[in-house]
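Student: attaching a predicted model along with its sequence, questions to come.
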Amino acid sequence: MRVALGTDSANTGGRHDLFEAMRLALMLPRVGQPDHARRPHGRDVLDMATRNGAAVLGLEDRMGRIAAGQLADLVRVRCRTAGTLALAPGEDAQVQHGASESVDSVMVDGRWLMRGQVLLAFDEAAALTEAEAALVALQERTAAQLATLDAALPALGSALLRN
């Protein structure tokens, strides 16, 4: 069976951080598997995030690897960072210690969206300003409902524990 990695919305699965998902996929099996040879390695986890992800989406013939005819989606990761400097370079170090801050460049469909850690796809400052304004408006619209929900949660929690 192929296992693929992905992220879910921030309210259910934490940050949208595939590095975090890869680190968990590498580390969690160690708890129940004392035989280190049977645990996943960095290459296995990278495959879960790339090739296997493409396969489970039914897109194995179009993406998931760097090859002629594949969609040109690439992520360039800096290998020499403060978090990985003391480690032997390689897939294990990147999966276990890499972070979104290590991403140097991103290409999607043959177009650079970020290059040298500079966003090219859109104006980040303008997008953040717009998002902040939308968040304030959402908080104002939902404040009364959130207060009602907060007041109801203790009773709901007690009812669930009784059942």
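Tutor: Alright, I've got the coordinates.
Student: my read: Leu5 touches Met48, true?
Tutor: Yes. Under the criterion of C-beta atoms under 8 Å, Leu5 is in contact with Met48, at a separation of 4.6 Å. All C-beta atoms are positioned from the backbone trio N, CA, C, and that covers glycine.
Student: which neighbours do these two have in common?
Tutor: Common contacts of Leu5 and Met48 (C-beta atoms under 8 Å, 6 or more residues apart in numbering): 22, 25.
Student: show me what counts as buried in stretch 110-125.
Tutor: Buried positions in stretch 110-125, judged by neighbour count with 16 or more other C-beta atoms under 10 Å: Met114.
Student: what comes into contact with that stretch?
Tutor: 72, 103-107.
Student: export it as PDB, just CAs?
Tutor: Taking Å, rounded to 0.1, in the frame of the first residue of the first chain, the C-alpha atoms of stretch 110-125 are listed here in PDB:
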ATOM      1  CA  GLY A 110       7.400  26.100 -15.100                       C
ATOM      2  CA  ARG A 111       7.000  29.500 -13.500                       C
ATOM      3  CA  TRP A 112       9.000  30.800 -10.500                       C
ATOM      4  CA  LEU A 113       6.700  31.800  -7.600                       C
ATOM      5  CA  MET A 114       9.500  32.300  -5.200                       C
ATOM      6  CA  ARG A 115      13.200  32.700  -6.000                       C
ATOM      7  CA  GLY A 116      16.000  33.300  -3.500                       C
ATOM      8  CA  GLN A 117      13.400  33.500  -0.700                       C
ATOM      9  CA  VAL A 118      11.700  36.400  -2.500                       C
ATOM     10  CA  LEU A 119       8.000  36.000  -3.400                       C
ATOM     11  CA  LEU A 120       7.400  36.800  -7.000                       C
ATOM     12  CA  ALA A 121       3.800  35.500  -7.400                       C
ATOM     13  CA  PHE A 122       2.100  38.300  -5.500                       C
ATOM     14  CA  ASP A 123       2.600  41.200  -3.200                       C
ATOM     15  CA  GLU A 124       2.900  39.600   0.200                       C
ATOM     16  CA  ALA A 125       2.600  42.800   2.200                       C
END
